[in-house]
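Q: Sequence plus predicted model, see below.
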Amino acid sequence: MNRVFYGWWIVLACWAVTLYGGGAFFFGFSAFFKPISEEFGWSRAITAGAISLSQAEGFIEGPIVGPLVDRFGPRKLMLLGVCMVTVGFLALSMVNTLVFFYLVYVVFLAIGFNTGFFVAAQAAVANWFIKRRSRALGLLSTANGFGGAIMAPLIAWLILSFGWRVASVWIGIGMFAIGIPLALVVRHRPEQYGYLPDGEKAQVDFHETRQSVEEAPRLVSRPGEVDFTIWEALATRVFWMLAVAFGLRTLAISATVIHQIPFLTDRGISEQAAAGILAMMGLMSIPGRLIFGFLGDYCNKRYLLAIAYLLQALGIFILLNANSIPQVILFTVVFGMGWGAPNLLFAMRADYFGRKYFATIAGVEQSIVAIGTIIGPVYAGLVYDINQNYQLAYGTFIVSITLGAVICFFAYPPKLPKRLRQPQEETQPSA
C-alpha cells in the first residue's frame, strides 16, 4: 500500500492554518471595522488607514521575509508568525487610542501575518510540487474561501454576543492553539528527505551521503526545471507585468472586502446578514479555486487569469448596481468564481522563475503588490467620507481589474537567463 506523499500533508497543514489565520486577519477586520470606528468616532478613512499602513510595512518587509523563508525554511517563519498574530489579537482587545490601534495592527497582526502565513505557505507548497503545482496551490487557496465562509460569520457572532474586545481575545487563543501544531508539520524541500517534487523517488539516498541536509537539494534537479535568481527575475518584463497585474487586483479586492459589510449595512442589510454575504463570497470562491487550479495544470494560465479577472470586474459591477438580496447573491457567485484564481499567479511565478528562490521573488513581488493594498481601502474610505457613497471607488476598481486582465493575457514566459542559455549555445554545432 502506497503511503500518502508528505507534500499533501504540508498542503493540508498550510491550508488549515491559512483558513484560521487568513480568515481572522483578512475577513475578520471587516467585522471589526464598524464597531471599532463607531466606538471611537473615527472616520472610515482613518480606520481603514490601519490596513494601508500595514501594507506600507509589507512594502518594506516583503524583500526581507522572502529570503528568510528560502534560507531558514517556512516552518520557522510560520511559528514566529503564529506567535505574533496571537499577541496581536490579545493586544487588540486592549486598544483605547488610534496610535495603539495602528501599532497593534501593523507591528503584530500585519507583520505576523506577512511573516508566517502568505509567503511561507506558498513557498512550502510550491517547493513540494511541480507537475501538480497548480492543483496543490489551488487546494491551498481554498483555505481563503473557507476562511471567509467560517471566520467572518463566527467573528460577527462573537462581536454581537460578547463585544469586539472579548471576540479578539478568543481569536488570539484559537490562533495559538491551532497554529502551533500545524506549523510543526511543515517542511522545507522534498530533496532534504530523499524525494523529488510530486512524490517521485530521488535516485540519491541522502542518508548515505556525507552532505548535510541543507546541501541535499543541490544534488538533484528535475529535467527542464529552471531557477532564476532574484536579479535575473527582476530583469524580465514578465516579473513586472505579473506584479502590476496582481497589484491592480489587490487595489480592488482589499477595499471590496474591508468595506463590504459597511457597504451592505448602508443599504439597509443587517450586520449579521452582511457578514453572511461576505462568508458566501468566500464560499463561492472555492469552486473557482478548485476549477482554475485543476485547469491550470492543463491549460494556458495566462488565458485563465484573464477570464478570472474579468469575472471579478463583472462581479463588482453587479454589486455596485445591486438593489436587492438576489442581486447581491449574484455578485457573490460571479465575483467569487473569479476571486478563486489568484493561485494561478503563484503557480506561474514558480513555473517561470523556479523553486530555489521562490520565496525571495515572491517577497519582492509582494512589496510591489502592497502598493495597491495601501491605496485601495483608504481611497474607498475617502470617497465615502466625501460623497457618502462608494460609487466612484467601485467604478475605479472595475477599471483596475479589467486592466489587470489585459496585462495577464500578455504575460508571456521569460527568456532563459544568459548563464543558462550559454551552455546550450556552446553545444550546438557550428555552421
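A: Noted; the coordinates are in hand.

Q: List the residues that contact the residue nearest the centre of the chain.
A: Residue closest to the average C-alpha location in the chain (Cα atoms, centre = their mean): Phe118, at 5.3 Å. Each residue near Phe118 by Cβ atoms under 8 Å, 6 or more residues apart in numbering is listed here: Gly22, Gln366. For the C-beta atoms, the positions are set from N, CA and C on the backbone; glycine is no exception.

Q: For Ala347, see how far away it is.
A: As judged by Cβ to Cβ, to the nearest Å, Phe118 and Ala347 stand 15 Å apart.

Q: Grab the CA positions of stretch 306-324 and hand them over as CSV.
A: C-alpha atoms of stretch 306-324 as CSV (Å, rounded to 0.1, in the frame of the first residue of the first chain):
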residue,chain,number,x,y,z
ALA,A,306,-7.6,37.0,-17.8
ILE,A,307,-11.0,35.2,-17.6
ALA,A,308,-10.9,35.2,-13.8
TYR,A,309,-10.1,38.9,-13.6
LEU,A,310,-13.0,39.8,-15.9
LEU,A,311,-15.3,37.8,-13.7
GLN,A,312,-14.2,39.8,-10.7
ALA,A,313,-14.8,43.1,-12.6
LEU,A,314,-18.2,41.9,-13.6
GLY,A,315,-19.0,41.0,-10.0
ILE,A,316,-18.1,44.4,-8.7
PHE,A,317,-20.3,46.0,-11.4
ILE,A,318,-23.2,43.8,-10.3
LEU,A,319,-22.6,44.8,-6.6
LEU,A,320,-22.4,48.5,-7.5
ASN,A,321,-25.9,48.3,-9.1
ALA,A,322,-27.5,45.8,-6.7
ASN,A,323,-30.8,46.8,-5.2
SER,A,324,-31.9,43.5,-3.7
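
Q: What residues sit buried inside it?
A: Using 16 or more other Cβ atoms under 10 Å as the test for burial, stretch 306-324 gives 306-320, 322.

Q: Identify those among those that sit within helices.
A: Among the buried residues of stretch 306-324, the members found in helices (DSSP state H) are 306-320.

Q: Which single one of the residues you listed is nearest to Phe246?
A: Nearest to Phe246 among those, counting by Cβ to Cβ, is Tyr309 at 10.2 Å.

Q: mind checking how far that closest one is from Trp170?
A: 37 Å.

Q: Would you tell me which one of the ones in helices among the buried residues of stretch 306-324 comes nearest to Pro377?
A: Checking those against Pro377 by Cβ to Cβ gives Ile316 as the nearest, at 14.8 Å.

Q: was I right about the closest one contacting Ala255?
A: No: between Ile316 and Ala255 there is no contact under Cβ atoms under 8 Å: 10.0 Å.

Q: can you pull the contacts of the closest residue to Val85 other than its chain neighbours?
A: Distances taken as Cβ to Cβ, 6 or more residues apart in numbering place Gly112 nearest to Val85, at 4.0 Å, with adjacent residues excluded. Contacts for Gly112 were tallied using Cβ under 8 Å, 6+ apart; they are Leu80, Gly81, Val82, Cys83, Met84, Val85, Thr86, Val87, Gly88.

Q: Low-confidence stretches in the stretch 151-300 of the chain?
A: The model of the stretch 151-300 of the chain has pLDDT under 70 over residues 201-225.

Q: And the helices in it, which stretches?
A: Secondary structure of the stretch 151-300 of the chain (DSSP state H, counting those that start in this stretch): helices located at 164-183, 230-234, 237-266, 271-295.

Q: among those, which is nearest Val399?
A: Nearest to Val399 among these is helix 237-266; the distance by Cβ to Cβ comes to 9.0 Å.

Q: Which other helices and strands does that closest one contact?
A: When contacts are defined as 3 or more Cβ pairs under 8 Å, 6 or more residues apart in numbering; DSSP states H and E, helix 237-266 packs onto helix 28-40, helix 44-72, helix 271-295, helix 301-320, helix 342-353, helix 358-387, helix 391-409.

Q: Go ahead and measure how far the last one is from the middle of the chain.
A: In this case it means helix 391-409. Chain-centre distance of helix 391-409: 19 Å, with Cα atoms, centre = their mean, to the nearest Å.

Q: what does the shortest one give?
A: Here the centre of helix 342-353 is set off from its chain's centre by 12 Å, with Cα atoms, centre = their mean.

Q: Burial check on Glu271, number of neighbours?
A: Glu271 is flanked by 17 other residues according to other Cβ atoms under 10 Å.

Q: now do Gly81
A: 28.

Q: for Pro67, same thing?
A: 16.

Q: and it, what is it in contact with?
A: Ala359, Thr360, Gly363.

Q: elements contacting the helix or strand hosting Arg135?
A: If you go by DSSP states H and E, Arg135 is part of helix 133-162. Where contact means 3+ Cβ pairs under 8 Å, 6+ apart, helix 133-162 is packed against helix 6-22, helix 28-40, helix 119-128, helix 164-183, helix 271-295, helix 342-353.

Q: who touches the fourth one?
A: This means helix 164-183. For helix 164-183, the external contacting residues (Cβ under 8 Å, 6+ apart) are 13-14, 16-17, 20-21, 24, 28, 32, 35-36, 39, 75, 78-79, 82-83, 85-90, 92-94, 116, 155, 158-159, 162.
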